[in-house]
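Asks: Sequence first, predicted coordinates after that:
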Amino acid sequence: MIQSSFQQLLTEMQKINTRLTGVESSNQTILGNQQALNEHAQQGQNMLKELQESLDAMTTSGVAKSTAGKKNISNQHPALKPIIQPIFFELCGIDMKTARADRTELLAKSLPLANGNAYEMVDGIQVWRPHWGGKIDDKVNSLYIAEVVQRVWDNETSLRNDAKKKGEMKDEDYDRTVISTIAKLYWRNLSQQISSHVSAEKTEKLTNKQKNARRRGRRQTAANHRREAVPDFERSYGYQGSVALIDTDYGSDYVSYEEGELSPDSAERRKDQSQGKGSRKAVGLEWRSPAYVALFRVLDEIYRRKKSGEVRGGEQDRSAEPSAKRRKITKPKDVHKSTFDAHPSQMSSRPPKSGKSTVLFNTMVSTAWLNEHKEVEVVEGAEWLKDFIRNIHEGDLSLDDKNYLDELEEWYADEEDNGH
């Protein structure tokens, strides 16, 4: 009996083993099927990716072709240009009789409205103010272009509906889409022109700013040299407080120039004053009195002599003599004039405006100029300037400076005689 039970148990175990083998085989089959499904899924994803890339390439190609077509569309409808372009200016209140370059400048000066509106009413007429520096699809710009298209369309429609008149457009041009496309192209063209114009203005302003800075730097150098000469000047003349009359903004401008820009008269003056190419042109100020100009010239001469080691009469300045204890002998510095005076008629109208609030004494200012500019405030003082020219010491003015001062006094006298 035991043997029979054992036999049955063995048989059951064999059946269980057979079932386990079947389950294992099924698992292997399922695993294989899953791997196959994963491979198919990956292949599907790869195919979708390739399809998407192909669609993207086709879309890009289509956009490029569309853009190219838009760029060339204006050439396909040349008769529309003279019809559409004037409307852009008329809407902005600009007369088409104005020169082309001036029209563009007027557009550049027509700034967007502060309240954000697309136009303003002027004498009952809409005057549009597009934002040329903005994008074409800005609200204001979109309304502006839409108005251009509507005006062009309405004008042509009106002509076509009038039996006595004839339309200006060809039938293939009489299309809103075509008109809108060409209007947008012209807007972009105008925007670029205006942008270039504004950039040119900015460049010019920057150039002028740099030029004025250089000129002021030269005036400052001259003013510093005059201040150095003040102690010697006051010892020689006995005047006190003359340093208070020196200001960078009260000095002449020393102007550089291109050789080809120099007028024949200026070239002759340069030659007469023994100056050559590269010398700067000294441009005086209309408001200065001849005596005030003379003071600057004397200070310039004293400074030049001091740096050159000279004294009046050709004697050597003791301060320039080498020390007996030194073997090396340094020659006095050669300081020579490198400017020539422009004619008084070319003097600058730059007013006496001091950056340091330097006091403007009445004797520093030309009487004739002051009579015409009564709004300028002056203070009584520096009375010694009135007779200064007659009291200038021999050797304190160069021959060129003497000639210029004579020329300046004569010019002022002529101006007074002529009522200026």
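Replies: In hand now; what should we look at?
Asks: what does stretch 97-107 rub up against?
Replies: Applying CB atoms under 8 Å, 6 or more residues apart in numbering, the contact partners of stretch 97-107 are Phe89, Cys92, Ile94, Met96, Trp132, Leu190, Gln193, Ile194, His197. C-beta here means a position set from N, CA and C on the backbone, and glycine is covered the same way.
Asks: swap that for stretch 194-210, sorry
Replies: Stretch 194-210 has contacts (CB under 8 Å, 6+ apart) with Thr104, Glu105, Leu107, Ala108, Trp132, Gly133.
Asks: again, only this time at 6 Å
Replies: Contact with stretch 194-210 is made by Thr104, Leu107, Ala108, Trp132, as judged by CB atoms under 6 Å, 6 or more residues apart in numbering.
Asks: same thing with stretch 78-93?
Replies: Outside stretch 78-93, the residues that touch it by CB under 6 Å, 6+ apart are 96, 103, 110, 127-128, 148, 151-152, 168, 173, 182-183, 186.
Asks: Enumerate the positions of it that are buried.
Replies: Across stretch 78-93, burial judged by 16 or more other CB atoms under 10 Å covers Leu80, Ile83, Ile84, Gln85, Ile87, Phe88, Phe89, Glu90, Leu91, Cys92, Gly93.
Asks: Now, the contacts of stretch 97-107 that are in helices?
Replies: Using DSSP state H, the subset of the contacts of stretch 97-107 located in helices is Phe89, Leu190, Gln193, Ile194, His197.
Asks: which residue sits closest to Tyr292, ignoring its sequence neighbours?
Replies: Met364 (4.4 Å; CB to CB, 6 or more residues apart in numbering).
Asks: Was I right to think the one you found contacts Ala291?
Replies: No - contact criterion CB atoms under 6 Å: Met364 and Ala291 do not qualify, at 8.1 Å.
Asks: if you count what's nearby, which of those two comes out ahead?
Replies: Neighbour totals were compared for Met364 and Ala291, and Met364 leads with 25 against 21 (other CB atoms under 10 Å).
Asks: if we can go back for a sec, and the ones in helices among the contacts of stretch 97-107, which two are furthest apart?
Replies: Farthest apart among those by CB to CB are Phe89 and His197. That separation is 14.8 Å.
Asks: for the ones in helices among the contacts of stretch 97-107, which one is nearest Val298?
Replies: For the ones in helices among the contacts of stretch 97-107, the nearest to Val298 is His197 (49.1 Å; CB to CB).
Asks: what's the burial count for that closest one?
Replies: Look at His197: counted by other CB under 10 Å, it has 17 neighbours.
Asks: quick one: it and Ser191, what's the gap?
Replies: Distance, His197 to Ser191, by CB to CB, to the nearest Å: 11 Å.
Asks: With Lys353 instead?
Replies: Using CB to CB, Lys353 is found at 40 Å from Ser191.
Asks: and if you look at Lys166?
Replies: 34 Å.
Asks: Compare those two and say which is more crowded by neighbours.
Replies: For Lys166 versus Ser191, neighbours defined as other CB under 10 Å are more numerous around Ser191 (19 against 8).
Asks: Look up the closest residue to the more buried one, ignoring the ones flanking it.
Replies: In space, Ser191 is closest to Trp132, 5.2 Å off (CB to CB, 6+ apart).
Asks: before we move on, what about Arg270?
Replies: Distances taken as CB to CB, 6+ apart put Phe340 closest to Arg270, at 4.6 Å, once the chain neighbours are dropped.
Asks: And Gly313, what's its pLDDT?
Replies: Note on Gly313: pLDDT of 44.
Asks: The stretch 1-150 of the chain: helices as residue ranges?
Replies: 2-76, 81-91, 100-109, 139-161 (DSSP state H, counting those that start in this stretch).
Asks: Please, which helix or strand holds the spatially closest residue to Glu301 that is not a sequence neighbour?
Replies: Leaving aside its chain neighbours, Glu301 sits nearest to Asp396 (5.5 Å; criterion: CB to CB, 6+ apart). Following DSSP states H and E, there is no helix or strand that holds Asp396.
Asks: Now Asp396: phi and psi?
Replies: Backbone torsions for Asp396, taken as degrees, to the nearest 10, come to phi -90, psi 0.
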